[in-house]
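Novice: no sequence for this one, just the structure:
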């Protein structure tokens, strides 16, 4: 009788690296979603922000009111246009901001828009997904964030 060999389990490159778990929170409609808190530097204090972690978004986008709280002068920021999943075009003002997320402090690109009508901020891939492995577990309603360095 031939014995079946078990294939070796792949080892994660992130084994042993620091990780944080974020239980999903309820959104405005009462649905569980990967909403997280991060901090942004205002120049003299850290401001807590809530954002929806969106693996389909290239850029993080915050409401224009957040730019005002951070003391960012949008007339000095670079204006861009991004296309949303539904085909609509969203004007944003790009700026790098100092953030703290999952125990790490770094600078990340962020867009600010007064046309953001989603009711929440978006945390996109640029600046975040190159620093962290984001594992979405919708069944357990849990986002696991593993630091990549």
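Specialist: Everything's here; your move. Model, not experiment: these values are computed from the prediction. Numbering: from 1, shown residues only.
Novice: Do a quick rundown of the helices in the protein.
Specialist: For the chain, the helices defined by DSSP state H occupy 64-70.
Novice: Now for it, the helix or strand with the poorest mean pLDDT.
Specialist: In the chain, the helix or strand scored least confidently by mean pLDDT, DSSP states H and E is strand 78-83, which has a mean of 90.
Novice: Direction included, what does that one pair against?
Specialist: strand 89-101 (antiparallel) (DSSP bridges).
Novice: For the partner strand, list every residue counted as buried.
Specialist: Using 16 or more other CB atoms under 10 Å as the burial criterion, the residues of strand 89-101 that qualify are 90, 92, 93, 94, 95, 97, 99, 101. The C-beta positions use only the backbone N, C-alpha and C, and glycine is treated the same way.
Novice: Then stretch 53-66?
Specialist: Neighbour-count burial for stretch 53-66 [16+ other CB under 10 Å]: 53, 54, 57, 59, 60, 61, 62, 63, 64, 66.
Novice: average model confidence for it?
Specialist: For stretch 53-66, mean pLDDT is 94.
Novice: And it, end to end?
Specialist: Stretch 53-66 has its terminal residues 17 Å apart, counting by CA to CA, to the nearest Å.
Novice: Leaving out the residues flanking it, which one is nearest to the residue most central in space within the chain?
Specialist: Among the residues of the chain, residue 123 comes closest to the average C-alpha position under CA atoms, centre = their mean, at 2.7 Å. Sequence neighbours aside, residue 51 is the residue nearest to residue 123 in space, at 4.0 Å (criterion: CB to CB, 6 or more residues apart in numbering).
Novice: Just confirm that neighbour contacts residue 121, I think it does.
Specialist: Yes - if you go by CB atoms under 8 Å, residue 51 and residue 121 touch, sitting 4.2 Å apart.
Novice: hey, what's in contact with both of the two?
Specialist: Each of 60, 62 lies in contact with both residue 51 and residue 121 under the rule CB atoms under 8 Å, 6 or more residues apart in numbering.
Novice: Among those two, which residue is more densely surrounded?
Specialist: Ranked by neighbour count (other CB atoms under 10 Å), residue 51 and residue 121 place residue 51 first, with 24 against 21.
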